[in-house]
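Visitor: the sequence and its predicted three-dimensional model are supplied below.
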2 protein chains.
Amino acid sequence: MTEDVFKALADPTRRRILDELVERDGQTLFEICARLVTKHGLGLSRQAISQHLAVLESAGLVVSRRQGRYKFHDLNTEPLERVMTRWLRPDPPESTP
Amino acid sequence: MTEDVFKALADPTRRRILDELVERDGQTLFEICARLVTKHGLGLSRQAISQHLAVLESAGLVVSRRQGRYKFHDLNTEPLERVMTRWLRPDPPESTP
DNA sequence: TTGATAGGCAAGTCGATACTTGCCTATGGT
DNA sequence: ACCATAGGCAAGTATCGACTTGCCTATCAA
């Protein structure tokens, strides 16, 4: 499960999606589609984004809550924090003393 | 260049290699091959590992120094540190007060 | 109830990438 | 000089992953 985080982050479109969600939580699929088109010029189908969101969700990086016909997506940074210290050595570089 | 870091981390074998290097720096290609076989049971060709090392090196996660007929590989965590704060919100969780 | 909106499922295409195999170069020991 | 060791290059295969297309379900508004 924690291994999927890396594969989820491997795709540039998925990283854009996380960028969007860190800026504003609770977006729907269509909102995210519109944002990616207007702000980043990405011309992707709705289904493509939906599949990306599924990958992010199964990696635990995105959680979703259904409400009526809307499905809101929230960023969850907790998997990142657990995973990113894996290769950090006990003695960090202290570049700014 | 910083984008390649994520793709480099996407492969489980490359993550194993980083695990090996964080444990002991300055290993050669053959040492890494042997370690992966004995410790993790990975039966990969030397060439496969070499290609993985090339990916890690072009992502800046591994630096190598040639010395005679040996090429020693060192871990470089600096690209990780720059990249991993990208989606962390200004308000960190403070789990241990 | 009808139509429009928000989203899901499934199959198919196509390019990327992980891995192998075979051969070549270079350094060091004897 | 010779052979073994450490590594590199290049082409081929085969699997995986991103994206599309077409159709289906569900919710809300008129």
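Guide: Received, thanks. Numbers count the residues shown, from 1 in each chain, chains lettered A, B, ... in the order given.
Visitor: please count neighbours and contacts with C-alpha atoms only from this point.
Guide: Fine.
Visitor: pull the contacting residues for the residue nearest the centre of chain A.
Guide: The geometric centre of chain A, computed from its C-alpha atoms, lies nearest to A:L18 (Cα atoms, centre = their mean), at 3.2 Å. A:L18 is in contact with A:75, B:87, counting by Cα atoms under 8 Å, 6 or more residues apart in numbering or on different chains.
Visitor: write down the beta-bridge partners of the nearest residue to A:T28 once chain neighbours are set aside, one by one.
Guide: Once its chain neighbours are removed from consideration, A:T28 has its nearest residue in A:F72; the separation is 4.8 Å (Cα to Cα, 6 or more residues apart in numbering or on different chains). Following DSSP bridges, A:F72 is listed with bridge partners A:R65.
Visitor: test my guess that A:F72 contacts A:R65.
Guide: Yes - applying Cα atoms under 8 Å, one finds A:F72 in contact with A:R65, separated by 5.4 Å.
Visitor: okay, those two: which has more neighbours?
Guide: Taking neighbours as other Cα atoms under 10 Å in any protein chain shown, A:F72 and A:R65 compare with A:F72 leading, 16 against 12.
Visitor: list the residues that contact the residue nearest to A:T28.
Guide: With contact taken as Cα under 8 Å, 6+ apart, A:F72 is in contact with A:26-29, A:64-66.
Visitor: how much space between the residue nearest to the centre of chain A and A:P79?
Guide: Counting by Cα to Cα, to the nearest Å, the gap from A:L18 to A:P79 is 13 Å.
Visitor: now do A:G41
Guide: In this view, A:G41 and A:P79 are 29 Å apart by Cα to Cα.
Visitor: more neighbours, these two?
Guide: When A:G41 and A:P79 are compared on other Cα under 10 Å, the one with more neighbours turns out to be A:P79, at 17 against 10.
Visitor: so which strand or helix has that one?
Guide: For A:P79, the element it lies in under DSSP states H and E is helix A:78-83.
Visitor: DNA strand C contacts on chain A?
Guide: Proximity of chain A to DNA strand C, by Cα under 7 Å from any atom of the strand, involves residues A:28-31, A:47, A:50, A:69-72.
Visitor: mind running it again at 6 Å?
Guide: Taking Cα under 6 Å from any atom of the strand, the part of chain A that reaches DNA strand C is made up of A:28-30, A:47, A:50, A:69-71.
Visitor: quick check, nearest of these to A:R14?
Guide: Taking Cα to Cα as the measure, A:R14 lies nearest A:S50 of those, at 10.5 Å.
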